[in-house]
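Undergrad: sequence-free structure coming up:
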């Protein structure tokens, strides 16, 4: 099933998507819920990011071509990550499907990174790889928008990766999606610019979750962005970027000048 | 005034500390509140971390001696940060005043870092340095516990800094505290091992908040840990670490073997 989070005249709620209609629920997929008997039309509601995570994890480098190209552009020898060291992004930067990505006036080189997002559904610690997927509620899509000059110049990724609106996530959480056969395709203004097998990760989801859970507790609502492959063209104001993961959905955002 | 967050038989609440008693409130200092007429005894309640932040910011290197010593131990030339690049920590690692810090079995070199924590009270964007403190609700204390071998070996700070229980924060949020004349003192088993003027930062609070707010929106409940000075001895199971900031309070935690 597909969970959406949305706002209508009555407030912000979770709902279950059925075709073009939304079955409203009381509660959430993380704390328990009941269906209410109320419905909304998908076209009539405002989509929100499907969850404000308690902790926003992000694998960063987790596909070979992206890692090699990123190193080459910095004039460095490419070095594939040797272990599943998770990184972080920041909640201030999250925006939903359909929301504009605002390019700051002093930004120069803006790139997309289309990513599979794992949504944690229940508390977990010390998972084996075999049981790691048991804590997963479902999957959504993220676009890890990046400003490459700040990524080189700054001591941290704060504005390169976490400027407001730089983390589109959505449109929904799909609880039945299976990443194994999926393709990730990114389109700019309708033209495919990047395509890769979603599962061609250096460290897969089971490895990341089991490694992380040796040292930290995963909580309901945590998200883990799994990294990207390939390269982005330089984006400009007016570009419409779509991240499609086949079988899961399409996350679409327009880039505008701030 | 001093805000505490606590759990009693009726659940988790905010309250206002008055001597050894807590005036219970409905709501929170971030979303609005009303006093309830109910009281609790401080000794009878369980303290919680004073806020689960929406985004958990951390300055990292922000005092000269700590930066120079950290570089020296890595065999590198010390380089003071050139701009106020904020970093991040993770919510899973937060524990309150009085909670044990659990040293993982494979950890080797555990250090404390006593830090002033700024708690954001209202939404803010594009702050000038002069107006930056207007969005601050108050201050609390943090201990940025670190495992130095993982800090060197891993690609990110995930387990070096964000292992469960590695981020004690508390005991309360003080809305009247003024950092300008304060001293930060860290004691291990009652003996002072580090002391420095809290305000002797490379980039002060106004500079960080105004710089951050050029690119990101600060939200109520966000926290900004301001960095530490000096060096920690190697800690061991059984050590009791107290971070005192004069005029603000003392954050005390016992380190135990995991």
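TA: Okay, I see it. For clarity, every value in this text was computed on a predicted model and none was experimentally measured.

Undergrad: Residue A:239 against residue A:190, yeah?
TA: No. Counting by Cβ atoms under 8 Å, residue A:239 stays clear of residue A:190, with 10.5 Å between them. Backbone N, C-alpha and C define where each C-beta goes, glycine included.

Undergrad: Same drill for the two, tell me which one is more crowded.
TA: residue A:239 (18 against 7; other Cβ atoms under 10 Å in any protein chain shown).

Undergrad: Tell me the secondary structure at the closest residue to residue A:108 other than its chain neighbours.
TA: Distance criterion Cβ to Cβ, 6 or more residues apart in numbering or on different chains; nearest residue to residue A:108, sequence neighbours excluded, is residue A:149 at 5.1 Å. Judged by DSSP: H, G, I helix; E, B strand; the rest coil, the three-state class of residue A:149 is helix.

Undergrad: Pairing partners for the closest residue to residue A:88 other than its chain neighbours in the sheet, please.
TA: The shortest distance from residue A:88 to any non-neighbouring residue, by Cβ to Cβ, 6+ apart, is to residue B:88 (5.0 Å). Beta-bridge partners recorded for residue B:88 (DSSP bridges): residue B:57.

Undergrad: Distance-wise, check residue B:88 relative to residue B:223.
TA: Separation of residue B:88 from residue B:223 (Cβ to Cβ, to the nearest Å): 11 Å.

Undergrad: got it, and residue A:53?
TA: In terms of Cβ to Cβ, residue A:53 sits 16 Å off from residue B:223.

Undergrad: neighbour-wise, which of these two wins?
TA: residue B:223 (27 against 24).

Undergrad: My guess is the more buried one contacts residue B:121. True?
TA: No. Between residue B:223 and residue B:121 there is no contact under Cβ under 8 Å: 11.1 Å.

Undergrad: So what's the residue count around the residue nearest to residue A:108?
TA: 14.

Undergrad: what residues are up against it?
TA: Contacts for residue A:149 (Cβ atoms under 8 Å, 6 or more residues apart in numbering or on different chains) come out as A:107-109, A:160.

Undergrad: who's in contact with the least confident helix or strand in chain A by mean pLDDT?
TA: When the helices and strands of chain A are scored by mean pLDDT, DSSP states H and E, helix A:64-73 comes last with a mean of 85. Under the contact criterion Cβ under 8 Å, 6+ apart, helix A:64-73 has outside partners A:61, A:77-81, A:113, A:148, A:196, A:200, A:202, A:227-231.

Undergrad: repeat that with 10 Å
TA: A:60-61, A:76-81, A:109, A:111, A:113, A:146, A:148, A:151-152, A:194, A:196, A:200-202, A:227-232 (Cβ atoms under 10 Å, 6 or more residues apart in numbering or on different chains).

Undergrad: Would you list the buried entries among these?
TA: Among the contacts of helix A:64-73, those classed as buried by 16 or more other Cβ atoms under 10 Å in any protein chain shown are A:60-61, A:81, A:109, A:111, A:113, A:146, A:148, A:151, A:194, A:196, A:201-202, A:227-232.

Undergrad: which of these come close to chain B?
TA: Contacts with chain B within the buried ones among the contacts of helix A:64-73, counted by Cβ under 10 Å from any Cβ of the partner chain: A:60-61, A:81.

Undergrad: got the residues you listed as CSV, with secondary structure and pLDDT columns?
TA: Putting those into CSV (DSSP: H, G, I helix; E, B strand; the rest coil; pLDDT from 0 to 100) gives the following:
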residue, secondary structure, pLDDT
A:60, coil, 89
A:61, coil, 91
A:81, coil, 91
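
Undergrad: could those residues be laid out in TSV, adding distance to residue A:29?
TA: Below are those laid out as TSV (distance: Cβ to Cβ, whole Å):
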residue	distance to residue A:29
A:60	27
A:61	30
A:81	31
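
Undergrad: Spatially central residue in chain A, please.
TA: residue A:142 (2.3 Å; Cα atoms, centre = their mean).

Undergrad: strands paired with whichever strand or helix holds that one, and their directions?
TA: Per DSSP states H and E, residue A:142 falls inside strand A:136-143. Taking DSSP bridges as the criterion, strand A:136-143 sits next to strand A:114-120 (antiparallel), strand A:167-174 (antiparallel) in its sheet.

Undergrad: Just send those back as a markdown table, with mean neighbour count and mean pLDDT too.
TA: Converted to a markdown table, the strands paired with strand A:136-143 look like this (neighbours: other Cβ atoms under 10 Å in any protein chain shown; pLDDT from 0 to 100):
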| stretch | mean neighbour count | mean pLDDT |
| --- | --- | --- |
| strand A:114-120 | 26 | 98 |
| strand A:167-174 | 26 | 98 |
